[in-house]
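S.K.: From the sequence below, what's the structure:
(one chain, ligands or ions: 1)
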Amino acid sequence: MSTASTILTFLHTGNPTGLKFLVEHGDARCLFDFGREHAPGRTPFSLGLEPRPGREVADLVAVGAAPRLEGVYAGDAWDGRTHLFITHMHLDHTGLIPLLGPGVPLYYPDAMEPVRAAADSSGYLPWRRPTGSGVADGEAIAVGSIRVRFVAVDHDVPGATGFLVETPETSLAFTGDNRWHGLRPDLTEAFADTARGVDLLIQEGVSLGSVPVEGAPPPLCEADAIAELGRALAEAPGLVIVNCYGMNRERVAGLAAGCATAGRRLLMEPQMAAMSGWPDVLGSTDPIRDDPRGYCLQLGFESLPLLIDLQPPSGSVWIQSGGAPMGPFDPAYAVLEAWAARFGLELRTVTSSGHSRPEDVVRMVATVHPKVVLPVHSRAPEALLVPGVPSFLPHAGVAYRVADILAGASSAPSG
Ligand SMILES: [Zn+2]
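M.R.: Next comes the predicted model:
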């Protein structure tokens, strides 16, 4: 029996910095996720500001957007200890991988390989070389005395996973990003069952503390979002433009099915087409201008000037369905509204969150029933209250002994 302690260190707790943390036991060290948060207007490098070429790591570390780590970034020799595990392809979990050193062992769920390869080849996220190892759902990787098992969850991108982490003295589960209202809630439920009874649960809490907007429609499940897109495609007398996110292949497949039913040809921009696996790429705008009712276009924010060429007729609609800007909190949203107003487009939002609703976060914690839950990746981690399961709100940069977290919980009243 090893006498080493299990050490848990959050490098970033996840808002507005991509969640990333270390689990260490003896000489073994596992790093979980390695991203940059999309927080327009809230982080130093946003609204078009980028780290300077050749100085990316130093610039990102200087503003707190990347953690200070030796032996991990390109340019450093590998420390011989750190192994990186990735939950899914979203940039707030992967955005620093282009800066990862070539010697660092890198593991990701093999079911995300199609979107990983497409993001890499399309230039959306140039991936580290060598690319690392895809790991099958249910498989475990041993890093010294630490064992990391991949357990799939449902999210709005293919191949998302959570992890079960075991050391000789303790067990942790990390939910990754997940939801219970997607097309595969059985995956998320099976994760909860598999993780049941762990010592620590590291729980994503993106939705915690969100305040319902008065008069706003209720949030949609994925199936309802796809059905509502289908209705818009069938009913709109003009052009339908959908700003969706290519990596959300289920959404794109639903959109494509709605287009087929409505008699519209779906055309996508090259990068989003690559990431979604959709073959039909937008070329000339002339045929669309001549027959707007015959088409549905995927366009992103940067392509708004195409409206000048498209001249969408009245009865056309721009649908926000997962592409940026995500909402009025993004300064780009007012720009989108200005374009829509100028060109007489109805601006609608038809989407479904990739993240568990607050009541489903509680369901996950209650089902797993860990000794302690650590809510992270959240603006309001303190909003998580689950009877019988004490919460521990970690601070970034502090190396915690897991045994101390557990001891503190057993001596404190549970919330
Ligand atoms: Zn995500």
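S.K.: can you pull the contacts of the residue in the stretch 301-415 of the chain that the ion sits nearest to?
M.R.: Per C-beta to the ion, G354 is where the stretch 301-415 of the chain lies closest to the ion, at 5.4 Å. Placement of C-beta: from N, CA and C, glycine included. Residues in contact with G354 (C-beta atoms under 8 Å, 6 or more residues apart in numbering) are H90, H155, D156, V157, D177, R179, G182, N248.
S.K.: tell me which element it is part of?
M.R.: Using DSSP states H and E, G354 falls within no helix or strand.
S.K.: Model confidence score at it, please.
M.R.: What the model reports for G354 is a pLDDT of 96.
S.K.: Can you tell me the closest non-neighbouring residue to it?
M.R.: Spatial nearest neighbour of G354, excluding adjacent residues (C-beta to C-beta, 6 or more residues apart in numbering): D156 at 3.4 Å.
S.K.: quick one, strands of the stretch 101-250 of the chain?
M.R.: Using DSSP state E, counting those that start in this stretch, the strands of the stretch 101-250 of the chain run over 106-109, 133-135, 140-143, 146-152, 161-166, 171-174, 200-204, 240-244.
S.K.: Quick check: which of the ones you listed is nearest to V281?
M.R.: Among the strands of the stretch 101-250 of the chain, strand 240-244 comes nearest to V281, with 15.0 Å by C-beta to C-beta.
S.K.: Show me what that closest one is packed against.
M.R.: Counting contacts by 3 or more C-beta pairs under 8 Å, 6 or more residues apart in numbering; DSSP states H and E, strand 240-244 is packed against helix 222-235, helix 249-262, strand 295-298, strand 317-321.
S.K.: what does the third one contact?
M.R.: Contacts to strand 295-298, defined as C-beta under 8 Å, 6+ apart, come from residues 233, 239-244, 246, 252, 255, 258-259, 262, 264-269, 272-273, 282, 287-288, 310.
S.K.: What subset of the residues you listed is buried?
M.R.: 233, 239-244, 246, 252, 255, 258-259, 262, 264, 266-269, 272-273, 282, 288, 310 (16 or more other C-beta atoms under 10 Å).
S.K.: Up against the ion, what does the stretch 51-200 of the chain have?
M.R.: Within the stretch 51-200 of the chain, the positions lying close to the ion (C-beta under 5 Å from the ion) are H90, D177.
S.K.: Which stretches in the stretch 51-200 of the chain count as helices?
M.R.: Using DSSP state H, counting those that start in this stretch, the helices of the stretch 51-200 of the chain run over residues 56-62, 91-94, 113-121, 185-195.
S.K.: hey, which of those helices is tucked in deepest?
M.R.: helix 91-94 (a mean of 23; mean count of other C-beta atoms under 10 Å).
S.K.: Would you point out which residue of the stretch 1-150 of the chain is nearest the ion?
M.R.: H90 (3.5 Å).
S.K.: thinking again about what came up before, my guess is the residue nearest to G354 contacts N248, does it?
M.R.: Yes: counting by C-beta atoms under 8 Å, D156 touches N248, with 4.9 Å between them.
S.K.: Give the residues shared as contacts by the two.
M.R.: G322, G354.
S.K.: circling back: so who does the residue nearest to G354 touch?
M.R.: Contacts of D156 (C-beta under 8 Å, 6+ apart): R179, G182, E222, Y245, N248, E250, R251, G322, S352, S353, G354.
S.K.: check contacts around A334.
M.R.: P328.
S.K.: Helix, strand or coil: sort out it for me.
M.R.: helix (DSSP: H, G, I helix; E, B strand; the rest coil).
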